[in-house]
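S.K.: coords please:
(one chain, ligands or ions: 2)
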Amino acid sequence: MTETLDIKITKTKHSRLNETDFDNLPFGKIFTDHMFVADYADGEWKNLQVVPYGDISFSPAISSLHYGQSFFEGIKAYKHADGQVSVFRPDKNAARFNKSAERLCMPTLPEEIFLQSIAAVIDVDRDWVPAQANHSLYIRPFMFATDRFLGVAPSTTYSYMVLLCPVGPYFSKTLRVKIETHFTRAAEGGMGYAKSSGNYGGSMYPAKKATEEGFDQLIWTDAKDHKYIEEMGAANVMFVLDGTLITPSTRDTILDGVTRDTVLTLAREWGMPVEERRVSIAEIIEGAKNGKLTDAFGAGTAATLAPVGSISHEGEEYFLSDPQTREFSQKMLKALNAIRYGDAPDVHGWNYMV
Ligand code: PLP
Ligand code: COI
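M.R.: Ligands and ions are numbered 1, 2, ... in the order given. You can find the predicted model right below:
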């Protein structure tokens, strides 16, 4: 049995819940009343606390600001019809959290601190979990280095925090995406498999250029030859090609997504042929041309399943079918939602009740 951790709880005197417009929840802008904080020093995690959400103060010399020793996770909690709240597969995020920590020379966090910190802050802010369809509570655990030291070396002190945001859908439309063959998100030997903050900072310039060209997202390709598809924006990417669900196999340039794993697991259970392998640009473009590419979508916690409407490559735009008519992703989205919102039996034990 896991021990219950000693988490100090200080509640706010001024809840913002009643002032919050739950019909207007732009992603990541509205925060709940509380947050979780813990400190790492002298080789251990201490001062586990839930405190009122608010600004924090640090030395301007902290090494996360200068050298990017910083990473995060993204998870969602869902409100069931009976009012219960579940968090979707947070054990997977706990494991990935520690993979990121290791890659960045940062301390790992015991799984029980990760899970209980999330449970503790959600418990205090339970009324913030939205009840509307397609809404959820986005959970953002993160860690950053806090030594004030300008030498390039791993910090000896860190902060771990958890923020919560009530959210609606991340993407509101079908995506026009471009296959990026110049810029790179991650290279072999780099840290693409980690959820390090720097990966996202580095993706903004190419994404901005694509937006200026009228695209919504980029499909990242391999750094060496730009011939193979890797991910799509901040999501994994999946295709149905000639009746088979295909997705790039994970490697050190690709984030091993929880949504990706969930979709692959369900698809295999349904008897759908599934291939995790290198996926070439050439075969996807060929499939778009000859009609064998019947589905394409991003898969991620924030993104959920985000349909791709068209794919552009070398100046040519290839249009796919109307997402509403796509058999696989429509069925998958329904199945995923049914499990997450407690409308279908959770036979895999994916829902962590809080
Ligand atoms: N790839 C990247 C780069 C991401 O930022 C995300 C989002 O978390 C994903 C993939 C999808 O991962 P998950 O399904 O665990 O959210
Ligand atoms: C998530 O899906 O949790 C992500 O990391 C996307 C985020 C960068 C908005």
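S.K.: what residues does the stretch 201-350 of the chain put near ligand 1?
M.R.: Where the stretch 201-350 of the chain comes near ligand 1, counting by C-beta under 6 Å from any ligand atom, the residues are 231, 234-236, 255, 257-260, 300-301. (C-beta placed from N, C-alpha, C; glycine too.)
S.K.: Apply 8 Å and report the result again.
M.R.: Applying C-beta under 8 Å from any ligand atom, we find that the stretch 201-350 of the chain lies next to ligand 1 at 203, 231-236, 254-262, 299-303.
S.K.: Among those, which lie within strands?
M.R.: Of those, the ones assigned to strands by DSSP state E are 231-232, 236, 299-300.
S.K.: Go through those and name the one nearest residue 117.
M.R.: For those, the minimum distance to residue 117 (C-beta to C-beta) is 22.2 Å, reached by residue 300.
S.K.: List the contacts of the closest one.
M.R.: Contacts of residue 300 were listed using C-beta atoms under 8 Å, 6 or more residues apart in numbering, and they are 74, 234-236, 257, 259, 306.
S.K.: next one: residue 85
M.R.: Residues in contact with residue 85 (C-beta under 8 Å, 6+ apart) are 77-79, 122, 126, 129, 137, 353-354.
S.K.: Among the residues you listed, which pair sits farthest apart?
M.R.: The span of those, defined through C-beta to C-beta, is set by 137 and 353 at 13.8 Å.
S.K.: The two - which one has more neighbours?
M.R.: Using other C-beta atoms under 10 Å, the more surrounded residue of residue 137 and residue 353 is residue 137, with 22 against 11.
S.K.: where's the residue of the chain positioned farthest from its centre relative to ligand 2, distance?
M.R.: Distance from the C-alpha centroid of the chain, by C-alpha atoms, centre = their mean, peaks at residue 290 (32.7 Å). Noted for residue 290: a distance of 32 Å to ligand 2, by C-beta to the nearest ligand atom, to the nearest Å.
S.K.: Narrow the residues of the stretch 201-350 of the chain next to ligand 1 to those that are buried.
M.R.: By neighbour count, with 16 or more other C-beta atoms under 10 Å, these hold 203, 231-236, 254-255, 257-260, 262, 299-303 as buried.
S.K.: Quick check, pLDDT for residue 1.
M.R.: On the pLDDT scale, residue 1 is placed at 54.
S.K.: again with residue 275
M.R.: Residue 275 carries a pLDDT value of 98.
S.K.: In the helix or strand where it lies, which residues are buried?
M.R.: Following DSSP states H and E, one finds residue 275 within strand 274-277. Buried positions in strand 274-277, judged by neighbour count with 16+ other C-beta under 10 Å: residue 274.
S.K.: How about stretch 343-354?
M.R.: Neighbour-count burial for stretch 343-354 flags 350-352, 354 (criterion: 16+ other C-beta under 10 Å).
S.K.: got it, and stretch 69-82?
M.R.: By 16+ other C-beta under 10 Å, the buried positions in stretch 69-82 come out as 69-80.
S.K.: Pick out whichever of these sits closest to ligand 2.
M.R.: Of all these, ligand 2 sits closest to residue 74, with 1.8 Å by C-beta to the nearest ligand atom.
S.K.: for that closest one, what are its contacts?
M.R.: Neighbouring residues of residue 74 by C-beta under 8 Å, 6+ apart: 93, 138-140, 195, 300-302.
S.K.: rerun that using 10 Å as the cut-off
M.R.: By C-beta atoms under 10 Å, 6 or more residues apart in numbering, the residues touching residue 74 are 28, 93, 138-142, 195, 234, 257-259, 300-303.
S.K.: for residue 273, same thing?
M.R.: Contacts for residue 273 (C-beta under 10 Å, 6+ apart) come out as 240, 242-246, 267.
S.K.: same thing with residue 333?
M.R.: By C-beta under 10 Å, 6+ apart, the contact set of residue 333 is 134, 263, 297, 304-305, 307, 323, 326.
S.K.: now, which of those residues lie within helices?
M.R.: Residues of those located in helices (DSSP state H): residue 263.
S.K.: Are any of the contacts of residue 333 buried, and if so which?
M.R.: If we count by 16+ other C-beta under 10 Å, the contacts of residue 333 have these buried: 263, 297, 304-305, 307, 323, 326.
S.K.: which one of the residues you listed is nearest residue 343?
M.R.: Nearest to residue 343, judged by C-beta to C-beta, of those is residue 304 at 15.7 Å.
S.K.: quick one: secondary structure of the spatially closest residue to residue 230 that is not a sequence neighbour?
M.R.: The shortest distance from residue 230 to any non-neighbouring residue, by C-beta to C-beta, 6 or more residues apart in numbering, is to residue 220 (4.6 Å). Three-state call for residue 220 (DSSP: H, G, I helix; E, B strand; the rest coil): strand.
S.K.: about what we covered before: anything in contact with each of residue 137 and residue 353?
M.R.: Listed as contacting both residue 137 and residue 353 by C-beta under 10 Å, 6+ apart are 85, 87.
S.K.: which residues in this protein form helices?
M.R.: Using DSSP H, helices in the chain cover 63-67, 90-103, 111-124, 197-212, 258-269, 281-290, 327-340.
S.K.: picking up where we left off before, now render the contacts of residue 333 as TSV, adding pLDDT and distance to ligand 2.
M.R.: Output for those, formatted as TSV (pLDDT from 0 to 100; distance: C-beta to the nearest ligand atom, whole Å):
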residue	pLDDT	distance to ligand 2
134	91	15
263	98	14
297	97	14
304	92	9
305	95	12
307	96	16
323	92	19
326	95	21
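S.K.: Turn the contacts of residue 333 into JSON lines, columns for distance to residue 156.
M.R.: Converted to JSON lines, the contacts of residue 333 look like this (distance: C-beta to C-beta, whole Å):
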{"residue": "134", "distance to residue 156": "43"}
{"residue": "263", "distance to residue 156": "40"}
{"residue": "297", "distance to residue 156": "43"}
{"residue": "304", "distance to residue 156": "39"}
{"residue": "305", "distance to residue 156": "42"}
{"residue": "307", "distance to residue 156": "46"}
{"residue": "323", "distance to residue 156": "49"}
{"residue": "326", "distance to residue 156": "51"}
